[in-house]
Structures are given as C-alpha cells and as structure tokens.
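Engineer: Structural data only, the sequence is not supplied:
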C-alpha cells in the first residue's frame, strides 16, 4: 500500500519518537482497516487556542477539544464530491491538541503515547466513516479503536 502521511507540528513539542509513533499507528490502522492503493492523510498537532478556533469556526463550539477530523472524501448533502479515480484516496485531516493530550493522559493515568495513539486512531476512524452518535455506533467504534491500539501494543 502506498500510504502518505503529512504531519505538521505547530507546537514544536512533539518528539521524533512521537512523530514516528504517529506514522506507525496510522499505518497499522490503515492496514487493519484494509485500505489499499495510494492513500493520503494529514495530521496537525496544535495548541488549545488553535483547536478552539477550529472547533468554533467549523463546528460552532467555542471550546477547546482533543481531536477534530475533517473527512475529505465524503460528500454531504450540499457538497459535490470530486474524486480523481486515478489519484490517491485523500482521507482528510486529523487535528490534535497537544495540551489536551497531555492533560487526558494524566487524567486517565496512562502515557502520553497511549493517549496520542487513542486520539490518532479515533480521528482516523472518523475519516473512514465511523461515528459514536448512538450507543451502538459508539460500541463498534470504541471496540475497533481498542483492537487497533492493542495490535500496535498501546494497551491500557
């Protein structure tokens, strides 16, 4: 599989090892989800101020959050889907707040890497169409997250 992961660290706080973990866990998730062919994804690490701006501007919620995903290959009711059948499958963008990742890792009493992996996989699954709006959807999505994290070795 030809899988391109573009990573931007706007915080300058993510270590080389954590960037490597980011690539590896997303690649593992893509493999486990059966993605084939050329695929692209963008991951951006930001601070709370920036993710709050994004959350406010795009979701109407003026508060910081931990992760936001923007799927580029799903058309909404008013959107026109433009896909080049010869081009890569551009999944979309995952944006993660590094301060939230640190805070939640401490709250849940696990490593920063475990929390980062959780947020990466969570955002990635949203790009693939998983959701957690209902109890049943949540059960499916969260169990898949755990399967991927466990397969990678990021157990609770």
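Structural biologist: Perfect, I can see it now. Everything numeric here is computed off the predicted structure, so don't read it as measured data.
Engineer: Where does the prediction get shaky in the chain?
Structural biologist: For the chain, the stretches flagged by pLDDT under 70 are 1, 73-86.
Engineer: would you list every one of the strands in it?
Structural biologist: Assigned by DSSP state E, the chain shows strands spanning 3-9, 39-46, 67-71, 89-97.
Engineer: Work out the sheet partners of the shortest one and label each with its direction, please.
Structural biologist: Read it as strand 67-71. strand 89-97 (antiparallel) (DSSP bridges).
Engineer: For residue 68, give the beta-bridge partners.
Structural biologist: Where residue 68 sits in a bridge, its partners, by DSSP bridges, are residue 95.
Engineer: picking that back up, highest average neighbour count across the strands of the chain?
Structural biologist: The highest average neighbour count among the strands of the chain, using mean count of other CB atoms under 10 Å, belongs to strand 89-97 at a mean of 22. All C-beta spots, glycine's among them, are computed from the backbone N, C-alpha and C.
Engineer: Many thanks, I have nothing further to ask.
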